[in-house]
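> make a model of this:
(one chain, ligands or ions: 2)
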Amino acid sequence: MSTYDVAVIGSGPGGYVAAIRCAQLGMKTAIIEKYSTLGGTCLNVGCIPSKALLDSSHHYHDAIKHFEDHGIEIPGEVKLNLEKMMERKASVVSQTCDGVKFLMDKNKIDVFEGLGSFKDKTHINIDKDGETQTIEAKKTIIATGSKPSNLPFIELDKERVITSTEALKLKEVPKHMIVIGGGVIGLELGQVYRRLGAEVTVVEFLDRIIPTMDSALSKELQKVLKKQGMKFHTSTKVKSVERIGDEITIKADDKKGKEIELKGDYCLVSVGRRPYTDGLNAEAAGVKVDDKGRVEVNDHLQTNIENIYAIGDVVRGAMLAHKAEEEGTMVAELIAGQKPHIDYNLIPGVVYTWPEVAAVGKTEEQLKEEGVKYKEGKFPMRALGRSRASGDIDGLVKILADEKTDEVLGIHMIGARTADLIAEAVTAMEFRASAEDISRMSHAHPTYAEAVKEAALAATENRPLHI
Ligand code: FAD
Ligand code: NAI
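Ligands and ions are numbered 1, 2, ... in the order given. The predicted model follows:
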C-alpha cells in the first residue's frame, strides 16, 4: 500500500491548488478525483465554460447590436452557430483541464481516478469500476466541493427543468427561459441566452437581484439587464413548476400575494449550491458534518479530527473558486508548520455579466447593520472618456470609507471590466488605504480605473474632478 504525507480528495480549484502547494513544500502528495478530468466544478461545469459562453455570446450580441454604431457593416445576416459555440467552449474546458493534469505531473503529484472514501482516519479507499485500492495518508484534505441545490417541489428532469450544468450545454436557444433565482448563475447564464435571442424571465424570492451585494449594484444591474430585454419578478415566491411536453408552467405568488403564471420552454433552477460529501464516508473517520451539510472546520481549516482538513465549497464561507484556492494554499502551509492567514473580508465577489459587477469589503447595508459611521463617494462610468470611447457607459463605482479615519471599508462597482478593476480595490484595502490614498494615486488616462480614483475623490472631500 502506498503511503502519502498528504492525500487531497477532490481536484477543483481548492484541491488541486492545495496539492501543488503541498508538493512545493516537499510533501509526498496524492490527489483523488472521481471524474476522468481534473479541475472540479470550476473548470468543467462552472467558471470556465460559463465565461467562455459569456464571451462568445457577447461577441454575437455586439455583432448584431453594436457594430453598426462603430461604423462596421456586415453584408448579409449575422448567423449564430450554437453547435460551434458549444464546441469552442468544450475545447476551452478541455485545454484548461489538461493544464491541471500537466501541473500535477510537473509537481510529481500522484493522481488517482475514482471515488475517494474514508476507511478510517488515515486510510482512503479509491473505487473505480468495481475495484478498490487503498492508500495511507498521514494528513487528508477534503476538497469535495458542491452541487446545485433545488427546491423540494421541483423535479429536475435535466432536459428542460435544468441546473447550470445542463444550461452550459443546451443544443438550442430557448424560446423563453424562466430562471428561478436572481443570483450569480441565473444572471450570468440568463444573459448568455438573452444575447443569443431567448426571452428570459427571472423570478427572485427576495426584493432585489444579487441580494448579497450592495443594493446600489442590484439596482443598476437590474436597470441595465431590463434595457437588454430581461424581465424580472422580485419578491416573488415560486410555488410549482410543471412540465407538460415541451412546455413548462411556473406558478408563483408576487409581492402582493397575487398568483402569477409564467410559461416557457426551459426553466433554469439557480437557487444556490449545497456542499457535497456524498460517498465520502466521513463517518468512518469521525469527521463532523453540520446540519447544512458542510464539513465543520476551525479557523485553521482543521476538522474535529486532527489530521483531516477541509477547504473550499464544502466548508463555510463564500462558494468561490479564488476562496477555495486561498484555502488550498493556507492549509498546505499550515500542515508545513507555517502561519498563513486569510482575510475573508477581502475576498472579492464578481458577476461576469456585461456590465460586470464586482465588490470587496462591506456593503452599505452591512455597515448600517453594524452601526459603523461611514461616508460615501460615487462616480458614474458615463462621465469617463474611456467609457464614451468604447460605448460602455453603464455603471458606477461606489466607495465607502470610515467617517473619521477615512479608511476604505468597501468598494462596489458595476461597469466595463470591473472584474479586473476590483484587484486595485483589494490591494488598497489589503494595505488599509484611506480614500484619500486612492485619490492621490495616478490612474492612467483614459481608463475605466479612473472611476475608482474619482469615487475616492468623492469620498474624501466630495471633490471629484469630472462631474
Ligand atoms: P469543486 O470545484 O466543486 O471540486 C470538487 C471536486 O471534488 C469535483 O471534481 C468532484 O468530482 C470531486 N469529488 C467530490 N467528492 C469526491 C470523492 N468522494 N472522491 C473523489 N472526488 C470527489 N467561482 C468563481 O470564483 N468565479 C466564477 O466565475 C464562478 N463561476 C461559476 C459558474 C458556475 C456555473 C458554477 C456552478 C460555479 C461557479 N463558480 C465560480 C464557483 C466555483 O466553481 C466553486 O466555488 C469552486 O469550483 C469550488 O472549488 P472546490 O475545489 O471547493 O470544489
Ligand atoms: P446564489 O446564492 O448566487 O443565488 C441564488 C438566488 O436564488 C438568490 O438571489 C436567492 O435569493 C434566490 N432564491 C433562493 N431561493 C429561492 C426561491 N425559492 N425562489 C426564488 N429565488 C430564490 O446562487 P447561484 O446563482 O445558484 O450560484 C451558486 C453559487 O455558485 C454562488 O453563490 C457562487 O458562490 C457560485 N458562483 C459564482 C460565480 C461567480 O463568481 N461569478 C458564478 C456562478 C456561480
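> now the strands: where do they sit in the stretch 51-200 of the chain?
Taking DSSP state E, counting those that start in this stretch as the test, the strands found in the stretch 51-200 of the chain are 110-113, 115-120, 123-128, 131-142, 146-148, 161-162, 176-180, 199-203.
> I meant to write the stretch 201-350 of the chain there.
Applying DSSP E, counting those that start in this stretch to the stretch 201-350 of the chain gives strands spanning 231-233, 237-244, 247-253, 259-264, 266-269, 273-275, 308-310, 349-351.
> so the first one, near ligand 2 or not?
No. Counting by CB under 6 Å from any ligand atom, ligand 2 is not contacted by strand 231-233; separation bottoms out at 9.1 Å. C-beta coordinates here come from the backbone N, C-alpha and C atoms, glycine included.
> identify the residues contacting that strand?
For strand 231-233, the external contacting residues (CB atoms under 8 Å, 6 or more residues apart in numbering) are 182, 199-204, 209, 222, 225-226, 252, 254, 260, 262.
> same check on the fifth one?
With CB under 8 Å, 6+ apart as the test, strand 266-269 has contacts from 148, 150-151, 154, 156, 160-164, 167, 170, 174, 176-181, 185-186, 189-190, 241, 243, 248, 250.
> roughly how far does the closest residue to Lys323 other than its chain neighbours sit from Ser94?
Closest residue in space to Lys323, ignoring its immediate chain neighbours: Ile347 at 5.0 Å, by CB to CB, 6 or more residues apart in numbering. With the distance defined as CB to CB, to the nearest Å, Ile347 ends up 29 Å from Ser94.
> then Thr405?
In this view, Thr405 and Ser94 are 50 Å apart by CB to CB.
> out of these two, which sits in the more crowded spot?
It is Ser94, of Thr405 and Ser94, that has more neighbours when counted by other CB atoms under 10 Å, with 14 against 11.
> ok, and the closest non-adjacent residue to the more buried one?
Nearest to Ser94 is Thr37, by CB to CB, 6+ apart, at 7.4 Å.
> what parts of the stretch 1-150 of the chain come near ligand 1?
9-15, 32-35, 40-42, 46-47, 50, 115-117, 143-146.
> tell me, how many neighbours does Thr234 end up with?
18.
> is it correct that it is in contact with Ile210?
No. The criterion here is CB atoms under 8 Å, and Thr234 misses it with Ile210 at 11.1 Å.
> residue in the stretch 151-300 of the chain with the shortest distance to ligand 2?
As assessed by CB to the nearest ligand atom, ligand 2 sits closest to Gly183 within the stretch 151-300 of the chain, at 1.8 Å.
> ok, and the closest non-adjacent residue to Ala63?
Nearest non-adjacent residue to Ala63 (CB to CB, 6+ apart): Val78, at 4.8 Å.
> tell me the contacts of that neighbour?
Tyr60, Ala63, Ile64.
> closest to ligand 1 out of those?
Nearest member of these to ligand 1, counting by CB to the nearest ligand atom, is Tyr60, at 19.5 Å.
> could you check how far Lys339 is from Ser11?
Taking CB to CB, one finds Lys339 at 27 Å from Ser11.
> on that earlier part again, just the contacts of strand 231-233: which has the poorest pLDDT?
Lowest pLDDT within the contacts of strand 231-233 is found at Asp254 (94).
> residues in contact with that residue?
His233, Ser235, Thr236, Ile260.
> kindly recompute the last result at 7 Å.
By CB atoms under 7 Å, 6 or more residues apart in numbering, the contact set of Asp254 is His233, Thr236, Ile260.
> what subset of those residues is buried?
Taking 16 or more other CB atoms under 10 Å as the criterion, what is buried in the contacts of Asp254 is His233, Thr236.
> rebuild the contacts of Asp254 as CSV, extending it with distance to ligand 1.
Output for the contacts of Asp254, formatted as CSV (distance: CB to the nearest ligand atom, whole Å):
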residue, distance to ligand 1
His233, 22
Thr236, 23
Ile260, 27
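> which residues of the stretch 301-450 of the chain lie near ligand 2?
Ala318, Met319, Leu320, Val350, Val351, Tyr352.
> PyMOL command to pick out the buried ones of these?
Buried residues among those (16+ other CB under 10 Å), as a PyMOL selection:
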select buried, resi 319+320+350+351+352
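> restrict the residues of the stretch 301-450 of the chain next to ligand 2 to those near ligand 1?
Met319, Leu320, Tyr352.
> ok, so of those residues, who is nearest ligand 1?
Of all these, ligand 1 sits closest to Leu320, with 3.7 Å by CB to the nearest ligand atom.
> what's the nearest residue to the closest one if we skip its chain neighbours?
Nearest to Leu320 is Ile347, by CB to CB, 6+ apart, at 6.5 Å.
> near the residue of the stretch 151-300 of the chain closest to ligand 2, how many other residues are there?
Neighbour count of Gly183, defined by other CB under 10 Å: 21.
> what do you get for the one 4 residues further on?
Neighbour count of Leu187, defined by other CB under 10 Å: 27.
> so what's the residue nearest to it when sequence neighbours are not counted up against?
Distances taken as CB to CB, 6+ apart place Thr353 nearest to Leu187, at 5.4 Å, with adjacent residues excluded. When contacts are counted by CB under 7 Å, 6+ apart, Thr353 touches Leu187, Glu188, Gln191, Leu221.
> most neighbours, which of the residues you listed?
Leu187 (27 neighbours).
> quick one: contacts for that residue?
Ile209, Ile210, Leu225, Val351, Thr353.
> and it, how far from Pro174?
For Leu187, the distance to Pro174 - CB to CB - is 16 Å.
> okay, the residue nearest to Leu187: pLDDT?
Predicted confidence (pLDDT) for Thr353: 98.
> quick check on the contacts of strand 231-233: which are buried?
Gly182, Glu199, Val200, Thr201, Val202, Val203, Glu204, Ile209, Gln222, Leu225, Ala252, Leu262.
> pull the distance from stretch 303-315 to the chain's centre.
21 Å (CA atoms, centre = their mean, to the nearest Å).
> now do the buried residues in that stretch.
Thr303, Ile305, Ile308, Tyr309, Ala310, Ile311, Gly312, Asp313, Val314, Val315.
> hmm, it touching ligand 1?
Yes. Contact of stretch 303-315 with ligand 1 (CB under 6 Å from any ligand atom) involves Gly312, Asp313.
> avg pLDDT for that stretch?
The model assigns stretch 303-315 a mean pLDDT of 98.
> how many neighbouring residues does Ser235 have?
Quick note: Ser235 (other CB under 10 Å) scores 13 neighbours.
> name the residues that touch stretch 446-460?
375-379, 381, 384-387, 389, 397-399, 401, 406, 415-417, 421, 424-425, 435-436, 438-439, 441, 443, 463-466.
> how about the helices in this protein?
Taking DSSP state H as the criterion, the chain carries its helices at 13-24, 40-45, 47-61, 82-106, 164-167, 184-195, 215-227, 282-285, 321-335, 364-370, 385-390, 418-430, 435-439, 450-461.
> most tightly packed of those helices?
helix 13-24 (a mean of 27; mean count of other CB atoms under 10 Å).
> which elements pack onto that one?
strand 3-9, strand 29-33, helix 40-45, helix 82-106, helix 321-335 (3 or more CB pairs under 7 Å, 6 or more residues apart in numbering; DSSP states H and E).
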